Structure formats: structure tokens, C-alpha cells
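Asks: I would like to see how this sequence folds:
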Amino acid sequence: MRGFHLGLLVLLMGCQNQVEEKPAEVKQAADPKSAEEVGEILATVNGSAIGAKDFQRAAARKVPTDGKALSIKEKNEVIDRLVKEELLYQEAFARKLYRDPKVKKVMVNALLREDVYSQIRNKDFNDQELESYFNAHKEEFTIPEKVQFSRILIKVKKDRDDAASKSEAERVYSELKKKMTR
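Replies: Residues are numbered from 1 along each chain as shown. Got it, this is the predicted structure:
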């Protein structure tokens, strides 16, 4: 557990230093990828390279029509999709959508997954350490109960007319509302 906290602290300190070095307004979406990360360049979108490695990852998720290999048409569809995604990414960045709290959370989670969680395994901790951490941080593992409803439908029957059905719906609504405020 100590290693986890130390690793997280080092990561956060490293991020703090990076933030201080960058200007207040981000000018570029991302640092250019290295030639090793991109592979052979297949397309360029406003200066951003789409490479063979991007293509291979995307193509691996596409099922060939013939079940064997992607056709030329299917390969072109993969490239077109990568180009469209890059254009959308660039537009989202230009609109500064990276400031959205949900986007920030996704980015933080991706960073933690890449830099912290990828280096930590359950086998690094014994059962006693895990149980101790859980007991000390139970609130982090508790998900509050949620209730959502948008409609209450009460069927009109022979023995329950419109007025009685409406009254029953109001009673159920009132009961649910009381339970939610507890």
C-alpha cells in the first residue's frame, strides 16, 4: 500500500511540475507522435499524422466481410474513419472541450491507468494489507443508492376509474418522494 501511495504522489508531483512549465493556455492539442509511435504515415490531417500503427489497431477491431481479410474498400473505410475521428478531435480541442469536467475525469483516469495502475498488481499486497486499506477507506467503496423515475402509470380498470387511478398515482408519487428525502 505504501508503494501505491508513493507512486501516486510521485506521479502527481511530476504532473504538477509539467503544469507549471506550460503556458496558461494550451496552444497545441498534443505533442507530435514519434515516428516509432506512428509507423509509416498513411494520411495527414492538419499536420497530424495517421500512421500504419493507428491503422492496424483500428483494422483489428473491424470484422472482414469475407471473414478472412479486409478488402480494399474496408481498409479505405478504416482510414476514412480515422481521418474523421482526427478531424472531430481537432475540432473538440479547438472548442476547448478538454475543460469539461467529464473530459478531465476521463483524462485523469487514463493517466492513472497508464502510469499507476499498470504497475500495480493485487499480488503486490497480501490479504491483510488489502483488508486494512478497505476498512480504512470504506466510504470510497460505497456507492450511494439512487432512485430515478420519470413516469408512474396506473392502469384504469373496471373497479378503478380515471379519478381513482390518478389518486393512486399521486399516492405512489408521494410515497416515493418521502423515501427519497430520508
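
Asks: Please enumerate the strands of the chain.
Replies: Secondary structure of the chain (DSSP state E): strands at 41-45, 48-51.

Asks: Mind checking those for the one nearest to residue 88?
Replies: strand 41-45 (10.3 Å; CB to CB). (Glycine included, C-beta is placed from N, CA and C.)

Asks: Centre of the chain to the closest one, how far?
Replies: 26 Å (CA atoms, centre = their mean, to the nearest Å).

Asks: cool, and stretch 87-99?
Replies: For stretch 87-99, the distance between its averaged C-alpha position and the chain's averaged C-alpha position is 16 Å (CA atoms, centre = their mean).

Asks: re earlier: for the strands of the chain, which one ends up most surrounded?
Replies: Most buried of those, by mean neighbour count (mean count of other CB atoms under 10 Å): strand 48-51, with a mean of 19.

Asks: for the record, mean pLDDT for that one?
Replies: Across strand 48-51, pLDDT averages out at 90.

Asks: Between the two ends of stretch 35-46, how far is it?
Replies: With CA to CA, to the nearest Å applied, stretch 35-46 spans 17 Å between its terminal residues.

Asks: residues making contact with it?
Replies: Under the contact criterion CB atoms under 8 Å, 6 or more residues apart in numbering, stretch 35-46 has outside partners 49-56, 79, 82-83, 86-87, 90.

Asks: And these, which of them are buried?
Replies: Buried members of the contacts of stretch 35-46, scored by 16 or more other CB atoms under 10 Å, are 49-51, 54-55, 79, 82-83, 86.

Asks: Quick one: end-to-end length of stretch 120-129, please.
Replies: In stretch 120-129, first residue to last residue: 14 Å (CA to CA).

Asks: Could you do stretch 155-166 as well?
Replies: End-to-end distance for stretch 155-166, by CA to CA: 9 Å.

Asks: returning to that earlier point: could you export the buried ones among the contacts of stretch 35-46 as JSON lines, including distance to residue 114?
Replies: Below are these laid out as JSON lines (distance: CB to CB, whole Å):
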{"residue": "49", "distance to residue 114": "21"}
{"residue": "50", "distance to residue 114": "21"}
{"residue": "51", "distance to residue 114": "20"}
{"residue": "54", "distance to residue 114": "17"}
{"residue": "55", "distance to residue 114": "22"}
{"residue": "79", "distance to residue 114": "26"}
{"residue": "82", "distance to residue 114": "21"}
{"residue": "83", "distance to residue 114": "25"}
{"residue": "86", "distance to residue 114": "21"}
